[in-house]
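[1] Show me how the following folds:
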Amino acid sequence: MNAIYDILGVPFGFVLRLIFNIVNNYGISLILFTLFARLLMFPSSVSQQKGAAKTQRLQPKLRKIQEKYKGDNRKIQEETQALYQREGHNPMNAGCAPMLVQMPIIFGLIGVIYNPLTYALEIPKEYITTLTEAAKGLFPELAKSRTIQLAVINHIDKLSGLIPEEFFSKIASFNFTFLGLPLGETPDMKKPSILWIIPILSGITSFASSIYTYLKQKQANPEMYKNPTMGCMTFGMPLFSTYFTFLFPVGIGIYWTASNVFAFAQTVILNYTHNPKKMIAKLMIEETIERRSREENLKLVAERKNK
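    Sure thing, here's the model as predicted:
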């Protein structure tokens, strides 16, 4: 898994370094970097929105199949697959496929965010190894943690004399804070502090995005949202987001919170540019045109045979 993070981190590391060299603020760089990642994932989100609209459009036909062959699961499956084939629709496009597209991006992001010495400061690999090995001795609990580079930055004063002064000074002078919050420290769930603001913001932004998505999709497809598991996901994800940001350094939490904000903005934009009701209406028009075209072609073929 670490190899995947490292490989995919190279291109994303280049982008983060480019942003950092422009703004010279690592916290802002993380936020702009998150925006860049969201823009990369936007096409797959559009595809997911279109796929969901197509799936919703086929719901009445699917219900007819289920009612007609009630009790015969094999026949229901066969007719459902035949329907998808006739309609040229793959339900995977509304769920798993976009997520598979996003996974390499997410892995790349994690690889970059955990390794600022490599991707932001461009410290030579041999010096990073020296510092991280020394840090593991100081903090045994981090020996197998991917946050070891963050610990090095956070405690660089305890690691002096191990690498050339040029690179030590570069790390020591690195402003690893954002709005006064130390990006390398992890909020303590049992001890209230100013660091709690990041998990709280993460939960609030996740909740806002979940509620907006829930209400919009419920308007578009009320039947689907009678399932109680949908409500559990809507309210469960914000709790998970809050808990998640208590487990990692503030820098990761800022990325997570910014990602929630941009995801919310993306959802609002998509509901405006690719409104489900408008998309379904468009699909109905396209289906009508296609059906009439087939009927006209059949008439022409019949007329030619009669001649």
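[2] State whether F244 and S202 are indeed in contact, as I suppose.
    Yes. F244 lies in contact with S202 (Cβ atoms under 8 Å); the separation is 7.4 Å. Heads up, the C-betas are built off the backbone N, CA and C, glycines and all.
[3] shared neighbours, these two?
    W256 (Cβ atoms under 8 Å, 6 or more residues apart in numbering).
[4] Looking at these two, which has the bigger crowd around it?
    More crowded of F244 and S202, by other Cβ atoms under 10 Å: S202, with 27 against 17.
[5] For the more buried one, what is the enclosing helix or strand?
    Assessed by DSSP states H and E, S202 sits inside helix 197-220.
[6] Report the mean per-residue pLDDT for that helix.
    The average pLDDT within helix 197-220 is 81.
[7] In PDB, could you pull the C-alpha coordinates for that helix?
    The C-alpha trace of helix 197-220 is given here as PDB (Å, rounded to 0.1, in the frame of the first residue of the first chain):
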ATOM      1  CA  ILE A 197     -12.100  23.400  15.800                       C
ATOM      2  CA  ILE A 198     -10.900  21.200  12.900                       C
ATOM      3  CA  PRO A 199     -12.900  18.100  13.700                       C
ATOM      4  CA  ILE A 200     -15.900  20.300  14.500                       C
ATOM      5  CA  LEU A 201     -15.700  22.100  11.200                       C
ATOM      6  CA  SER A 202     -15.200  18.800   9.400                       C
ATOM      7  CA  GLY A 203     -18.400  17.400  11.000                       C
ATOM      8  CA  ILE A 204     -20.400  20.600  10.200                       C
ATOM      9  CA  THR A 205     -19.300  20.800   6.600                       C
ATOM     10  CA  SER A 206     -19.900  17.100   6.100                       C
ATOM     11  CA  PHE A 207     -23.400  17.400   7.700                       C
ATOM     12  CA  ALA A 208     -24.300  20.300   5.400                       C
ATOM     13  CA  SER A 209     -23.300  18.400   2.300                       C
ATOM     14  CA  SER A 210     -25.100  15.300   3.400                       C
ATOM     15  CA  ILE A 211     -28.300  17.100   4.200                       C
ATOM     16  CA  TYR A 212     -28.300  19.000   1.000                       C
ATOM     17  CA  THR A 213     -27.700  15.900  -1.000                       C
ATOM     18  CA  TYR A 214     -30.300  13.900   0.900                       C
ATOM     19  CA  LEU A 215     -33.000  16.600   0.400                       C
ATOM     20  CA  LYS A 216     -32.300  17.000  -3.300                       C
ATOM     21  CA  GLN A 217     -32.200  13.300  -4.100                       C
ATOM     22  CA  LYS A 218     -35.300  12.700  -2.000                       C
ATOM     23  CA  GLN A 219     -37.200  15.200  -4.100                       C
ATOM     24  CA  ALA A 220     -36.000  13.400  -7.200                       C
END
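[8] got any ranges where the stretch 151-300 of the chain has weak pLDDT?
    216-235, 274-288, 290-291, 294-295, 298-299 (pLDDT under 70).
[9] Which parts of the stretch 101-250 of the chain are strands?
    177-178, 181-182 (DSSP state E, counting those that start in this stretch).
[10] Please identify the pairing partners of the first one and their relative orientation?
    Think strand 177-178. strand 181-182 (antiparallel) (DSSP bridges).
[11] which residues sit against the strand it pairs with?
    G27, N154, F176, I194, L195, I197, I198, V250, I254.
[12] Just to check, V112 is in contact with G13?
    Yes. Judged on Cβ under 8 Å, V112 makes contact with G13 at a distance of 5.0 Å.
[13] What is the end-to-end distance of stretch 182-190?
    End-to-end distance for stretch 182-190: 18 Å, by Cα to Cα, to the nearest Å.
[14] likewise stretch 174-189?
    Per Cα to Cα, stretch 174-189 runs 27 Å from first to last residue.
[15] just to revisit the earlier point, just the buried residues of the contacts of strand 181-182.
    Among these, the ones that count as buried by 16 or more other Cβ atoms under 10 Å are G27, N154, F176, L195, I198, V250, I254.
[16] Let me have those residues in TSV, extended by distance to E79.
    Below are the buried ones among the contacts of strand 181-182 laid out as TSV (distance: Cβ to Cβ, whole Å):
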residue	distance to E79
G27	55
N154	60
F176	59
L195	56
I198	50
V250	53
I254	50
